[in-house]
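Visitor: Structure, please.
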Amino acid sequence: MITGRGRFNLYLLLALTAVLACGCRTHKDSKDKLLATLRVHLEGGPQDTDRSIQIPLYRAHPFQLLVQNEAFLTEAQVASAKVVDALGGFDLQIQFDRQGTWLLQQYSANNRGKRFALFSQFGPKGKDSRWLAAPEFSRMISDGLIQFTPDATREEADQIAAGLNNIAKKNQADQKW
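Guide: Okay, the predicted model is just below:
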């Protein structure tokens, strides 16, 4: 009994195409399923010891910072996030929605000279978490946009931005109803 090689090669080619197509699609879907949290905490003072915690910042050259327990901004107020190229590296840029912009404006105006610490939980299934940065309020931020260099790799920053954007899309879809 003789079977044609052409038919066997055609089946092999179809199977290989299906495997490759599914592999690419799975990678794209996993980016769409990433979630990330964001908590923005105000620097605390010595009088706030009962409402504050000490946090470690910057893994390369760590130092401790006293921040308030309660975050004044969260991922619920994020409108969008992206990683942007900056001089010598990259920054994480976060745009807040209307409520977040108002809160950021209020806190930055009333706390000039103080730091605000940013915490995130990110990655597949939220397995990574860390304090990303603690920039200083040097001016009132009225446009709802913060840009900072995170204590993260470019890949981690991309995961944080993708996760925050996925949550922002979900929040926007929920608000339409």
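Visitor: partner residues bridging Ala81?
Guide: On the basis of DSSP bridges, Ala81 is bridged to Ile94.
Visitor: What is the neighbour count of Pro135?
Guide: Neighbour count of Pro135, defined by other CB atoms under 10 Å: 14. Where C-beta positions appear, they are placed from N, C-alpha and C, glycine not excepted.
Visitor: For it, report the pLDDT, please.
Guide: Looking at Pro135, its pLDDT stands at 97.
Visitor: and if you look at Cys22?
Guide: pLDDT for Cys22: 58.
Visitor: top strand in this protein by residue count?
Guide: strand 63-74 (DSSP state E).
Visitor: which other helices and strands contact it?
Guide: If you count contacts as 3 or more CB pairs under 8 Å, 6 or more residues apart in numbering; DSSP states H and E, strand 63-74 packs onto strand 39-43, strand 52-57, helix 98-110, strand 116-122.
Visitor: closest to Ala173 out of these?
Guide: Nearest to Ala173 among those is helix 98-110 (16.9 Å), distances taken as CB to CB.
Visitor: Show me what that closest one is packed up against.
Guide: strand 63-74.
Visitor: Mind listing the strands the strand it packs on pairs with, and their directions?
Guide: Checking strand 63-74 against DSSP bridges gives partners strand 39-43 (antiparallel), strand 52-57 (antiparallel).
Visitor: Phi first, then psi, for Asp97.
Guide: For Asp97, the backbone dihedrals (degrees, to the nearest 10) come out as phi -70, psi -170.
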